[in-house]
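>>> pasted the sequence and its predicted model underneath.
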Amino acid sequence: MSGFSKKINNFKALSQVSHSLLSHPKNEDLVQNTVDTILLEINALGEKFDMALVALVDKERRNLRRVASSQTNRVAEKLVKSLRHEVGIKISEVVTPLTHKKNLSVLCVVQDKVCFSYDLVDLMCPPLTQEQAREIQKAGGLKTFFIFPIKIDDQVIGCLILSTMRKLHKLANEERQLIESLTDIIGIAVQNQKLFAQIKEDKKRLAKANRQLQALDKTKNDFISVASHELRTPMTAIKGYVYLLQQTDNLPDKATQLKYLQTCYDSADRLITLVNDMLSISKIEEEGFALSKGWIDLASIMHKAYDAVVSIAIRKKIKFTLNIAREPLMIGADAKLLHEVTANFLSNALKFTNRGGEVALNLSIIKKENKEFVRVSVSDTGVGIAKENADKIFSKFTRLEKSYVKTSDTGTGLGLYFAQRAIKKHGGEIWFDSIAGKGSTFYFQLPLSSTPPPPEED
């Protein structure tokens, strides 16, 4: 073949590889596809290389990692089988530390020079032993290896290893120039694949950020809806009744005045509850929030929570029972948070249980997988929770207007969300069972430790 014809064919090979690169600009396997095309086109020119392998520098781990390989049919099966049999890995998993300067792959990268060898030991040790490398070379029938640096903007980023089953002493100038041009194309493929991977990762991050923004926007809208309703209603009531009490020319009787004042008091109390709920949520959601743990008597906390709401049960003629397995019952926990969680359970149970119903607060100890846990449950015979609302019961601002709830006081939708966060902060579990129209039972469970927690640091 004349020199001119050789150049024409080399140009065609470069054109074909470039076309393959441009045809798959967003391919995750772009480097692999490029190596496959390079081996195919080189062999089409009659060069008869049997394996092409690309190794790239990992700057963070300071090693040379094989990332793509391509073999002819007569070598592929033997080589892959031998690698798996000898060392139990794929050829793409072979990694060489950059500190091993005697390794020709590393030498090629560090010194930016073309290297040549008849011995696979020079390229694959480490990580392979000399015996493993020679066994693999024998199995694959490979006799000659050429290593070319791969560059991006004059910076060496890896190497291309070409091997053949023939014993060659050197490459012709035209062959060498062709392969060096092909390594430039591999450099472009590596760069494009990295850019594609970065774009894909950025898209994932943007999608995640977008979902978070949508969730925040929904939370904001829910907050505005709840706050405007929950703030406006009691403030309107206070304003209206205060106005009536200011009409000195037409004051109602004393009993009615006291009734007005009680409504104002209840409305103010509702406002305080809302503000406290908001503050509790804000505090527990803080990134650096830490539990104020101490060695506490959980039985005593249950008594206090019971005593705080027993008057509501009496007023509604609800049978309200307290069942405690052991007193005292000492655990390491945040007393204030557990009191708030229990109070929330009880408040909901009494709110959604009709006159004459039953509510029970239970404190028990259970054993599970040779470990002891303390379990608090609040059961009621109230209206229950519809199945379609079960999945969102612990979500922020969840108010079950479309459930089986038959009360006008639907609350802020923050109590159970707060309860879940508080129990999870303790490393515990929280859940509920409910049958619509028959009642619900809410639980939380914590590990029962036999030793007190360490004292809090000042």
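Nice, thanks for sending it over.
>>> quick one, helices of the stretch 201-350 of the chain?
Per DSSP state H, counting those that start in this stretch, the stretch 201-350 of the chain carries helices over the ranges 254-284, 298-315, 335-351.
>>> where in the stretch 101-250 of the chain is pLDDT low?
Along the stretch 101-250 of the chain, segments meeting pLDDT under 70 span 219, 222-230.
>>> just the element for residue 149, please.
strand 144-152 (DSSP states H and E).
>>> before we move on, the earlier item: mean pLDDT for the helices of the stretch 201-350 of the chain: which is lowest?
For the helices of the stretch 201-350 of the chain, mean pLDDT drops lowest on helix 254-284, to a mean of 82.
>>> of the helices of the stretch 201-350 of the chain, which stretch is the most buried?
helix 335-351 (a mean of 22; mean count of other CB atoms under 10 Å). Glycine gets a C-beta too; all of them are placed from N, C-alpha and C.
>>> contacts for it?
For helix 335-351, contacts defined as CB atoms under 8 Å, 6 or more residues apart in numbering pick out 280, 284, 291-292, 294, 296, 298, 301-302, 304-306, 308-309, 312-313, 316, 318, 320, 359, 361, 376, 378-380, 382, 407, 409, 411, 415-416, 418-419, 422-423, 425-426, 440, 442, 444.
>>> quick one, what contacts the nearest residue to residue 448 once chain neighbours are set aside?
Excluding its sequence neighbours, the residue lying closest to residue 448 (CB to CB, 6 or more residues apart in numbering) is residue 372, at 4.1 Å. Applying CB under 8 Å, 6+ apart, we find residue 372 in contact with 365, 366, 447, 448.
>>> please apply the same query to residue 97.
62, 63, 64, 106, 126.
>>> looking at those residues, which are in helices?
Among the contacts of residue 97, DSSP state H puts residue 106 in helices.
>>> buried subset of the contacts of residue 97?
The neighbour-count criterion (16 or more other CB atoms under 10 Å) marks 63, 64, 106 among the contacts of residue 97 as buried.
>>> quick check, the second one in contact with residue 107.
No: counting by CB atoms under 8 Å, residue 64 does not reach residue 107; the two are 10.5 Å apart.
>>> right, and residue 376 touches residue 301 too?
No: using CB under 8 Å, residue 376 makes no contact with residue 301, being 9.1 Å away.
>>> tell me which residues of whichever strand or helix holds residue 31 are tucked away?
Assessed by DSSP H and E, residue 31 sits inside helix 30-44. Of the residues in helix 30-44, 30-43 count as buried by neighbour count, 16+ other CB under 10 Å.
>>> give me the angle between that helix and strand 144-152.
Relative orientation of helix 30-44 versus strand 144-152 (axes from the mean of the first three to the mean of the last three CA atoms, to 10 degrees): 130 degrees.
>>> quick one: buried residues of stretch 422-429?
422, 423, 425, 426, 428.
>>> hmm, back to that, and which of the contacts of residue 97 is nearest residue 239?
When these are ranked by distance to residue 239 (CB to CB), residue 62 comes first, at 72.1 Å.
>>> ok, back up a step: which pLDDT value goes with the residue nearest to residue 448?
90.
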